[in-house]
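A.B. asks: Show me the folded form of this:
(one chain, ligands or ions: 1)
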Amino acid sequence: MAYGLRTKLSFTYAALALLLVGIISLFINYFFKIQFNDYVIAQQKQSNQSIVNLVEKQYDASNGTWNVGAIENIGMSALDQGIILKVKDLNGNDVWDATVHNNGLCMQMLSQMAQYTQKYSPNLKGGYVQTGYILTNDFQKIGQADIGYYGPYFYTSNDVSFINKINTILAIVGIASLALAFLLGAVMSRRISRPISKAVEAASQISRGNFKQRIKEQSTTREIKQLTTTVNDLADSLEKQQQLRKTMAADVSHELRTPLASLQSSLEAIIDGIWEPSRERLESCHEEILRINRLVGDLERLERVEAENAILNMTELDLSELAQHIVNNFETDFFKKGVKLNLVCDSVPVMADRDKISQAIINLLSNALKYTQKGGCVELQIRNDGRSVKLIVSDTGNGIPPDDIPNIFERFYRADRSRNRLTGGSGLGLAITKAIVEAHKGSISVSSELDKGTVFTVSLPKSRR
Ligand code: ADP
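C.D. replies: Numbering: from 1, shown residues only. Next comes the predicted model:
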């Protein structure tokens, strides 16, 4: 059976807490016993000594007699504490003996103390122990006191109730720490398992095509934060792809409909005999087909660079050398149209995808050529600009109307549709250029003045960030 992360974590915390509380209790118990036994032994010695002192005081030195009544009181209260007192005079005769006074009570007390002690120290090998004390008066021996008890140490009823209290406190502390550990464990496992469950739930929603799904909960645990960010990024990218696919399909069908419809009506008119299949008409149809072909070609290129996971083939290349190569290829087209083409460049090594950067420069130069009239001038500059490289294409063409400037990088956008029909643009060139520049972590901007000219500026980082 598979258990959830939360259950597993709770069990682990609980087991750890149980183990910890168990170990701590064992330690406390062990050290407490040692300390307490030392205390009991010291206490016993002290109370023996005070009994001896009390007994010594009951001797009347003036006539050499003992106050037997007082000694009996001392002996009986000592017996209450589990101590058997025997007092002998100088000649060894009994003055007072607890066993003679009440042997039954003595035995009962001894067995009682043995019982108490055995209960809490079951391994103790105890038995009756007797210690003799010399009784003195003014440094003169006056007799002997024998003090007997269950040894090497014994617990009185007070000691037993003290031990019981301590044990109860330890048990309460243990149970309380266990409960606290369980509570903490539950809270901790909830804190860890909740965001993971959320991530699992979000990932499964995403896998079912719900790309709007996001994990909103923030975790302070680094790994969990990374997990939620990754899942959210995945959803972002899938949503973007989906959106891209949708608009692409809509744009493409919209763009193809017009040329196809005009092609269809032209061909139908020819088939129905309304139009003569003249060379001129067939050439016009052919042109339309070429336009559709270009559009499809541009779409393919855009698809390639816009794909989120477009892999750039980065190499170190000299932009000035690449620019020179492109300018050489363009020279005839510019010459034919009567437009001047200048190249001004610094030698700038840069990390870039050679084919894609070439495509971007070609798009900008062919636009400049397209929209510049005979006698005009186009200039391509490559400038080393510290951390970045500036690639500037300027022309003295007809410029872009200010209202169109914000839209020219959008797919299928053409500033002047009627003029565009003549130039044959698909409206994808700048969208492709922008996608290439952004894939290189660069930026593109434009400034233009109607009937004066246009300047496109591409900024590329020298090394990929
Ligand atoms: P197209 O294939 O139609 O040229 P682009 O995406 O390359 O498509 O350009 C979009 C529009 O931006 C063009 O239709 C044109 O109106 C305008 N444009 C681009 N470059 C220039 C330029 N150098 N001079 C004037 N207009 C330009």
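A.B. asks: what's the distance between the spatially most central residue of the chain and the ligand?
C.D. replies: Residue closest to the mean C-alpha point of the chain, counted by C-alpha atoms, centre = their mean, is Arg222 at 1.9 Å. Distance of Arg222 to the ligand, computed by C-beta to the nearest ligand atom, to the nearest Å: 44 Å. (Each C-beta comes from the backbone N, C-alpha and C, glycine too.)
A.B. asks: so what pLDDT did that residue get?
C.D. replies: Per-residue pLDDT puts Arg222 at 86.
A.B. asks: And for Ala2?
C.D. replies: Listed pLDDT for Ala2 reads 61.
A.B. asks: Could you give the secondary structure assignment for the residue of the chain most remote from its centre?
C.D. replies: In the chain, counting by C-alpha atoms, centre = their mean, Asn63 sits farthest out from the average C-alpha position, at 92.4 Å. Three-state assignment for Asn63 (DSSP: H, G, I helix; E, B strand; the rest coil): coil.
A.B. asks: just so I have it, where are all the helices in the stretch 251-400 of the chain?
C.D. replies: Under the criterion DSSP state H, counting those that start in this stretch, the stretch 251-400 of the chain contains helices at 279-306, 319-337, 354-370.
A.B. asks: quick one on the thing from earlier: give me the distance between the residue farthest from the centre of the chain and Ile142.
C.D. replies: 12 Å (C-beta to C-beta, to the nearest Å).
A.B. asks: before we move on, what about Val339?
C.D. replies: In terms of C-beta to C-beta, Val339 sits 139 Å off from Ile142.
A.B. asks: As a check, name the ranges of all strands in the stretch 301-450 of the chain.
C.D. replies: Listed in chain order, the strands found in the stretch 301-450 of the chain under DSSP state E, counting those that start in this stretch are 314-318, 340-345, 349-353, 377-385, 388-395, 443-449.
A.B. asks: Also the stretch 101-250 of the chain?
C.D. replies: Counting by DSSP E, counting those that start in this stretch, the strands of the stretch 101-250 of the chain are 127-137, 140-151.
A.B. asks: And Val339 and Ile142? Which one has more around it.
C.D. replies: Using other C-beta atoms under 10 Å as the criterion, Val339 and Ile142 rank with Val339 on top: 22 against 18.
A.B. asks: My guess is the more buried one contacts Ser366. True?
C.D. replies: No. Using C-beta atoms under 8 Å, Val339 makes no contact with Ser366, being 11.5 Å away.
A.B. asks: check contacts around whichever residue of the stretch 51-200 of the chain sits closest to the ligand.
C.D. replies: Residue nearest to the ligand within the stretch 51-200 of the chain (C-beta to the nearest ligand atom): Ala199, separated by 40.5 Å. Under the criterion of C-beta atoms under 8 Å, 6 or more residues apart in numbering, the neighbours of Ala199 are Ile215, Ile224, Leu227, Thr228, Val231.
A.B. asks: what does the protein have sitting close to the ligand?
C.D. replies: Within the chain, the positions near the ligand by C-beta under 6 Å from any ligand atom are 367-368, 371, 395, 397-400, 408, 413-416, 420, 425-431, 454.
A.B. asks: Which members of those residues are classed as buried?
C.D. replies: With burial judged by 16 or more other C-beta atoms under 10 Å, the buried subset of those is 367-368, 371, 395, 397-400, 408, 413-415, 420, 425-431, 454.
A.B. asks: Tell me which residue of the stretch 201-350 of the chain lies closest to the ligand.
C.D. replies: Asp298 (7.3 Å).
A.B. asks: what about that residue, how many residues close to it?
C.D. replies: Using other C-beta under 10 Å, Asp298 has 20 other residues around it.
A.B. asks: mind listing what it touches?
C.D. replies: Contact analysis of Asp298 by C-beta under 8 Å, 6+ apart lists Ser426, Leu428, Gly429, Ile432.
A.B. asks: Can you tell me which of the helices of the stretch 251-400 of the chain is packed in deepest?
C.D. replies: Burial of these is given as mean neighbour count (mean count of other C-beta atoms under 10 Å); helix 354-370 ranks first at a mean of 21.
A.B. asks: Show me what that one packs onto, helices and strands only.
C.D. replies: Judged by 3 or more C-beta pairs under 8 Å, 6 or more residues apart in numbering; DSSP states H and E, helix 354-370 is in contact with helix 279-306, strand 314-318, helix 319-337, strand 377-385, strand 388-395, helix 429-439, strand 453-461.
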